[in-house]
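Engineer: Quick one: sequence and predicted model below, then my questions.
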Amino acid sequence: MKFRFFYLFIFFGFLSCSEQEARRPISSSKSHLMESTTMLLKKINRVEERKIKNYIKKDSLHDYIRSSYGFWYHYIAKNQTNSITPSKGDVVTLTYDILDLSDQIIYSKEFIGVKEYIVDKEEFIPGLQFGVKLMKKGESIKFIIPSFNAYGVFGDDDKIGINTSLISRVTLINIK
């Protein structure tokens, strides 16, 4: 009886010395989620770009320039005499409005009022942050901003929905 217990003890000892296997993850891979999100965002960007190009095509009176930052713009009033543009830390005074691609006003200049903005030091619509740095004192520019350079996938929690391209007419009043 003692020998049986001894052999049984040795047998279980050998079984417990086997290598442990790593546990398999319970959930599926996150890379699949990233892939599908990336594909969805690319599709949204293609649709937005098509809408913006259609808008530009309908506005045949103006020649729009595509910036390297992903937005389009054209000059409403251009300053030919001054060559100073704002740089980081400058305080600019400006007015602007926000419209949708149907030219319906979302926020008027009167509603927004005159804004003082410290260039690259304050939160502002990303497309306009880059756009303001193209402007000179006294200029007015019309910007067409895709959603990824505007309020993106969140909107503004009020009048601007998710993935909404915007139009903004900006007038740069002063640079300090």
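Structural biologist: Looks like it arrived, so ask away.
Engineer: separation between G113 and Y96?
Structural biologist: 10 Å (C-beta to C-beta, to the nearest Å). For every residue, glycine as well, the C-beta is placed using N, CA and C.
Engineer: Looking at those two, which has the bigger crowd around it?
Structural biologist: Shown here are G113 and Y96; by other C-beta atoms under 10 Å, Y96 has more neighbours (24 against 8).
Engineer: From Y107, how far off is that one?
Structural biologist: Taking C-beta to C-beta, one finds Y96 at 9 Å from Y107.
Engineer: With T164 instead?
Structural biologist: Relative to Y107, and taking C-beta to C-beta, T164 is found at 12 Å.
Engineer: For those two, work out which one has more neighbours and name it.
Structural biologist: T164 (20 against 17).
Engineer: what's the nearest residue to the more buried one once chain neighbours are set aside in contact with, if anything?
Structural biologist: Nearest residue to T164 in three dimensions, chain neighbours excluded: S147, at 5.5 Å (C-beta to C-beta, 6 or more residues apart in numbering). Residues near S147 by C-beta atoms under 8 Å, 6 or more residues apart in numbering: I44, E48, V153, I162, N163, T164, S165, L166.
Engineer: Tell me which of these fall in strands.
Structural biologist: L166 (DSSP state E).
Engineer: ok, so of the contacts of S147, who is nearest G131?
Structural biologist: L166 (11.5 Å; C-beta to C-beta).
Engineer: who's in contact with the closest one?
Structural biologist: L166 neighbours (C-beta under 8 Å, 6+ apart): I98, L99, D100, I106, I125, G127, I144, I145, S147, A150, Y151, I160.
Engineer: What distance do you get for it to S140?
Structural biologist: 16 Å.
Engineer: N45 too?
Structural biologist: 28 Å.
Engineer: next one: Y69
Structural biologist: 19 Å.
Engineer: Cheers, nothing more for now.
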